[in-house]
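Peer 1: okay, structure incoming, though there's no sequence with it:
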Ligand code: SAH
């Protein structure tokens, strides 16, 4: 076993950690020294050596590690993980019992007291995401805990770390019976093809579930919908199921074409009646302006950060301009669904980008409704930055 390390928290951070802030950052530590190995148990103490919390070393872009317990006597062993997973599973009971959804998140990192780890459920298959070497160090206890608590067809995993913090491609199968992919899961009655054996992106982002449902149930009927950064076209499929007159999906990645065709087909929708375009979104906007294409609904769901051949997109720097492009091709009284998963800014800042974009376009707007993470993506109030998803439905006024 590795020896524990004791880290002293600077006085101005002590209250924060005492009240449950989960992320251990270098800035909060006195005489920080990066000597400890990944997975080492950390004891946080105050300047008088009084215990604050226990955690582990697990380096991510976010910080140095995560706290796991504020009880000094708690051992971080298999029964600790059993307890955490049991609570997490109980909290998702409504999802396990849902007749029309069988894909959801079971463990949401620090929201479930297990920073650095997520577990998702896809119709009997569990997918574990390890976000650091440190959390991966506990894999045996965590996998055993999961085995103890649930029945499953198989467990798959993604190691979302290497030296540069990226995903390591390898065989992701852990145990059970290998799946034959795609497996078809259901979300609010709509089918999705899921590939647990490909890349870190398995086919759908579950955090947008409520937004997709709302688009289908309340907005899509009769509308001409543009879905940008469309990936496998999940928003387009929900819009089409909701009766959209037509959808247009735009994504730069070649894979998006076949994957989007597949998602439409799985739902008995004729993909030939839809436009599926492999192109840089910014180029597509120019094309749409030139051709005077206008849409009743424009969905913007870019990554926080993306590099394409010609440019770098950063949500924080470029979202305003992205909105201006969208505004120029949205019909009066049309809806822009502006979404971001960037944790570097909050909802107020996001709304300030929206406000600036409309002002600079000389257009008026109305904020119609907002979404953040769905219930299975549990967050805690002590860590508001964990609630990264911000989605705003904006009406472009006449
Ligand atoms: N909105 C999607 C998820 C988006 S993931 C959904 O709901 O499922 C981000 C996607 O943006 C990726 O598929 C990536 O290929 C695409 N992308 C990144 N930069 C792009 C660009 N400049 N133009 C078009 N697509 C881009």
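Peer 2: Yep, that arrived. What you see is a predicted model, and the numbers here were worked out from it, not measured in a lab.
Peer 1: tell me which element the residue with the largest distance to the centre of the chain falls in.
Peer 2: Distance from the C-alpha centroid of the chain peaks at residue 48, with 39.2 Å (CA atoms, centre = their mean). Under the criterion of DSSP states H and E, residue 48 resides outside all helices and strands.
Peer 1: local confidence estimate at it?
Peer 2: pLDDT for residue 48: 97.
Peer 1: do you know how far it is from the ligand?
Peer 2: Separation of residue 48 from the ligand (CB to the nearest ligand atom, to the nearest Å): 48 Å. (Glycine included, C-beta is placed from N, CA and C.)
Peer 1: how near is residue 8 to residue 21?
Peer 2: Computed as CB to CB, to the nearest Å, the residue 8 to residue 21 distance reads 16 Å.
Peer 1: no, scratch that, I was asking about residue 161
Peer 2: 23 Å.
Peer 1: so for those two, which sits in the more crowded spot?
Peer 2: The neighbour count for residue 161 versus residue 21, taken as other CB atoms under 10 Å, is higher for residue 161 (24 against 18).
Peer 1: hmm, residue 117 and the more buried one touching each other?
Peer 2: No: using CB atoms under 8 Å, residue 161 makes no contact with residue 117, being 11.7 Å away.
Peer 1: list residues touching both of those two?
Peer 2: Among the neighbours of residue 161, those also in contact with residue 117 (CB atoms under 8 Å, 6 or more residues apart in numbering) are 130-131.
Peer 1: and the strands in the stretch 151-300 of the chain?
Peer 2: For the stretch 151-300 of the chain, the strands defined by DSSP state E, counting those that start in this stretch occupy 154-159, 173-176, 183-187, 190-194, 224-228, 246-251, 275-278, 295-300.
Peer 1: of those strands, which is nearest the ligand?
Peer 2: With CB to the nearest ligand atom as the criterion, the ligand lies closest to strand 246-251 of the strands of the stretch 151-300 of the chain, at 4.4 Å.
Peer 1: does that closest one reach the ligand?
Peer 2: Yes: Strand 246-251 reaches the ligand (CB under 6 Å from any ligand atom) through 250-251.
Peer 1: mind listing the strands that strand pairs with, and their directions?
Peer 2: The strands that strand 246-251 pairs with in its sheet are strand 224-228 (parallel), strand 275-278 (parallel) (by DSSP bridges).
Peer 1: residue 9: how many residues sit nearby?
Peer 2: As a burial measure, residue 9 scores 21 neighbours (other CB under 10 Å).
Peer 1: phi, psi for it please.
Peer 2: With angles defined as degrees, to the nearest 10, residue 9 sits at phi -90, psi 130.
Peer 1: what does residue 393 give?
Peer 2: phi -90, psi 120.
Peer 1: three-state assignment of the residue nearest to it when sequence neighbours are not counted?
Peer 2: Once flanking residues are discounted, residue 393 sits nearest to residue 368: 4.3 Å by CB to CB, 6 or more residues apart in numbering. The three-state assignment at residue 368 reads strand, by DSSP: H, G, I helix; E, B strand; the rest coil.
Peer 1: how about the contacts made by residue 368?
Peer 2: 335, 393-395.
Peer 1: out of these, flag the one nearest to residue 56.
Peer 2: Nearest to residue 56 among the contacts of residue 368, counting by CB to CB, is residue 393 at 39.8 Å.
Peer 1: pretty sure the closest one is touching residue 365, no?
Peer 2: No: using CB under 8 Å, residue 393 makes no contact with residue 365, being 10.6 Å away.
Peer 1: which parts of this structure sit against the ligand?
Peer 2: Residues of the chain lying near the ligand (CB under 6 Å from any ligand atom): 205, 208, 229-232, 234-235, 250-253, 256, 280-282, 301, 303, 306, 308, 313.
Peer 1: tell me which of the strands paired with strand 246-251 is the most buried.
Peer 2: Highest mean neighbour count among those (mean count of other CB atoms under 10 Å): strand 224-228, with a mean of 27.
Peer 1: start to end distance for stretch 19-33?
Peer 2: Stretch 19-33 has an end-to-end distance of 25 Å (criterion: CA to CA, to the nearest Å).
Peer 1: just to revisit the earlier point, want to throw the strands paired with strand 246-251 into TSV with mean pLDDT?
Peer 2: TSV is the format used below for the strands paired with strand 246-251 (pLDDT from 0 to 100):
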stretch	mean pLDDT
strand 224-228	99
strand 275-278	98
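Peer 1: could you dump the ones you listed into TSV and include distance to residue 263?
Peer 2: Output for the strands paired with strand 246-251, formatted as TSV (distance: least, CB to CB, whole Å):
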stretch	distance to residue 263
strand 224-228	12
strand 275-278	10
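Peer 1: among these, which is nearest residue 325?
Peer 2: The nearest among the strands paired with strand 246-251, by CB to CB, is strand 224-228 at 9.1 Å.
Peer 1: residue of the stretch 1-150 of the chain closest to the ligand, please.
Peer 2: As assessed by CB to the nearest ligand atom, the ligand sits closest to residue 103 within the stretch 1-150 of the chain, at 12.8 Å.
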